[in-house]
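Student: The following comprises the amino acid sequence and a computationally predicted model.
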Amino acid sequence: MTTGAHFGSEPPAAAGDAGNTFLTGLLDVPLDDEGAKRLNAGAQQFKSLAENGGFGINQAGFDAYTKVCDQFIHEFDEIFHDVKLLARAPGMGSSPYAKEVADFNAKVASDGGQSLIPNLELLKQGFIQVREALTIARKNYSETEDTHSQTFAKLRGGE
């Protein structure tokens, strides 16, 4: 499942590296339509990879990456509020140019697939899925660690 997974602008990941490739690109948050869709699709694949036991993450990695996710999710509401203000076409004066700039700002914020609002919503969904994937991956790592500990304990007991 990890072979050929592609999560960002970097080349496709080698087998077994998809999770790492996605996490490395997580800090490069795209605001364009294609980038937001790519991050969201990558987050879905990342979560699926974790759900299928495709990777685990230790506590230090979990803490570092969940901090990034939590920060984006937490700050999303503030960012979203500011973008929604732009979508109202703020009064920038009465000249034709001022009205044109205000209309342009509103269009960039909310009109169509290239606008910020749908892209920010996609990014938030992506970060939520990454956060969920990290939780699953941390559980995977703990279960693997426990299994190995039990195996080593049996080996020591059989000496």
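Tutor: Here it is on my side, so go on. Numbering: from 1, shown residues only.
Student: helices or strands up against the helix or strand hosting residue 127?
Tutor: Taking DSSP states H and E as the definition, residue 127 sits inside helix 116-157. Packing partners of helix 116-157 (3 or more CB pairs under 8 Å, 6 or more residues apart in numbering; DSSP states H and E): helix 33-51, helix 59-86, helix 96-110. Quick note: C-beta positions are derived from backbone N, CA and C, even for glycine.
Student: Could you give the average pLDDT over the shortest one?
Tutor: Going back to what we said before, that points to helix 96-110. The pLDDT scores in helix 96-110 average 80.
Student: can you check stretch 118-128 too?
Tutor: 89.
Student: Next, the buried residues of it.
Tutor: 118, 119, 120, 122, 123, 124, 126, 127, 128 (16 or more other CB atoms under 10 Å).
Student: what's the neighbour count on the closest residue to the third one other than its chain neighbours?
Tutor: Okay, so that is residue 120. Spatial nearest neighbour of residue 120, chain neighbours left out: residue 80 (5.8 Å); criterion: CB to CB, 6 or more residues apart in numbering. When neighbours are counted by other CB atoms under 10 Å, residue 80 registers 15.
Student: Pull up the gap between residue 80 and residue 37, please.
Tutor: As for residue 80, its distance to residue 37 is 18 Å (criterion: CB to CB, to the nearest Å).
Student: same check, this time on residue 140
Tutor: From residue 140 to residue 37 the distance is 27 Å (CB to CB).
Student: Same check on residue 136?
Tutor: Distance from residue 136 to residue 37, by CB to CB: 23 Å.
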